[in-house]
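Visitor: curious how this folds, go ahead:
(one chain, ligands or ions: 2)
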Amino acid sequence: MPQQINSFPQVATIAGTDSGGGAGIMADLKTFQARHVFATAVVVAVTAQNTLGVQASKLMPQTLIDAQFQSLAADFQIRACKTGMLGDSNHVRAVAANLKKYDFGPIIVDPVMIAKGGATLLNAEAIHTLKHELVPLATLITPNVPEAQTLTGQKIEKKADFITAAQMLQNLGAKNVLIKGGHLDLPQANDYVLLSDHTGFWLTAPKSATKRTHGTGDTISACITAELARGADLATAISISKKYVTATIAHSIQVGHGHGPLNHWAAQKEGLSFENI
Ligand SMILES: Nc1ncnc2c1ncn2[C@@H]1O[C@H](COP(=O)(O)OP(=O)(O)OP(=O)(O)O)[C@@H](O)[C@H]1O
Ligand SMILES: Cc1ncc(CO)c(N)n1
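Guide: Ligands and ions are numbered 1, 2, ... in the order given. Below you'll find the predicted structure:
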């Protein structure tokens, strides 16, 4: 197939849907759209969900997951991809096998385990599979504090703990690491990045006093995926994405009765729009 047919940046999210539109595949697609990349999706799970919680969920048959990967590989040139909710061990394994089979560019693994409302999105035995079969494929892994603690066994309270946990995640095979600190009760939203060359840096933003933070993790990892597909280097992609997610939280929209969704249009307010496209 001639290269120019597939020249526009194309990305894929491999994750679960959120009927409430705030997290999972829905947050990813809104982020991809806002960052001007062409969005595709492999639906691993469907959730009945809103800002109050997850009411029901079902994992897709594995044959359908394989078929979705095959459909994408047959027609698109995916330049970067991300994973989100994967549900159980068999589904983690199926996704890892497909990511080995097809070249979808850099792989961002968001090791989604628990929704903000407390629902389990990855069962306990799947954590072992994720650690040993998916993490080694990750160009970048983006756990929040509880996920990083579960994967490493390292308690994360102070800055030095982030650095230790990030090194442990690299020892598990992830090339680069972003540990998101949104869950810590601090005046700043501090995240730590450890790159493959062993240099590290902090991302810092003021913490918004809001419970409208449904889908923050999905949004930052989707934005990184988009920026990589657009040609940014990883450190730049991560820094842009931190600014983007901070803006989506700060410029909140009044939707739902619980942990409200983000404002995925917010980049326009922060001068991060794309007039030239
Ligand atoms: N109230 C807030 N104000 C500003 N930034 C925040 C806030 N909450 C989270 N963040 C930032 O949002 C990004 C996502 O972090 P968080 O720790 O919330 O991820 P997560 O738990 O995976 O999110 P989710 O499970 O809702 O998708 C990080 O950059 C974090 O610092
Ligand atoms: C489907 C789905 N994926 C990820 C999350 C975490 O934000 C969620 N709440 N729901």
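Visitor: alpha carbons only for contacts and neighbour counts from here, please
Guide: OK.
Visitor: would you say T129 is within a helix?
Guide: Yes: under DSSP: H, G, I helix; E, B strand; the rest coil, T129 falls within a helix.
Visitor: I figured it was touching R93, is that so?
Guide: Yes: using CA atoms under 8 Å, T129 makes contact with R93 at a distance of 7.0 Å.
Visitor: of all the residues in stretch 160-175, which ones are buried?
Guide: 162-163, 165-170, 172-175 (16 or more other CA atoms under 10 Å).
Visitor: correction: the previous question concerned stretch 61-78.
Guide: 65-66, 68-69, 72, 76-78.
Visitor: where does pLDDT dip in this structure?
Guide: Applying pLDDT under 70 to the chain picks out residues 1-3, 269-277.
Visitor: tell me which stretches of it form strands.
Guide: Ranges of strands within the chain are 10-18, 38-50, 53-59, 78-83, 107-109, 140-141, 176-179, 188-194, 200-206, based on DSSP state E.
Visitor: where's the residue nearest to L29 when sequence neighbours are not counted relative to G22, distance?
Guide: Counting by CA to CA, 6 or more residues apart in numbering, A39 is the residue found nearest to L29 once chain neighbours are left out, at 6.1 Å. Distance from A39 to G22, counting by CA to CA, to the nearest Å: 16 Å.
Visitor: who has more neighbours, the two?
Guide: Neighbour tally, A39 and G22, criterion other CA atoms under 10 Å: the higher count belongs to G22, 30 against 19.
Visitor: so who does the more buried one touch?
Guide: By CA atoms under 8 Å, 6 or more residues apart in numbering, the residues touching G22 are 50-51, 214-215, 260-262.
Visitor: what sits closest to the residue in the stretch 151-277 of the chain that ligand 2 sits nearest to if chain neighbours are left out?
Guide: Nearest residue of the stretch 151-277 of the chain to ligand 2: G215, at 4.3 Å (CA to the nearest ligand atom). Of all residues beyond its chain neighbours, the one nearest G215 is A23 (4.1 Å), with distances taken as CA to CA, 6+ apart.
Visitor: any idea how far that neighbour is from T31?
Guide: According to CA to CA, A23 stands 11 Å off from T31.
Visitor: overlap in contacts, these two.
Guide: T219.
Visitor: residues of the stretch 101-250 of the chain that sit close to ligand 1?
Guide: 115-116, 144, 180-183, 189-191, 206-210, 213-218, 242, 245-246 (CA under 6 Å from any ligand atom).
Visitor: wait, the residue of the stretch 151-277 of the chain closest to ligand 2 sits on H264?
Guide: No: G215 is beyond contact range of H264, at 10.4 Å (criterion: CA under 8 Å).
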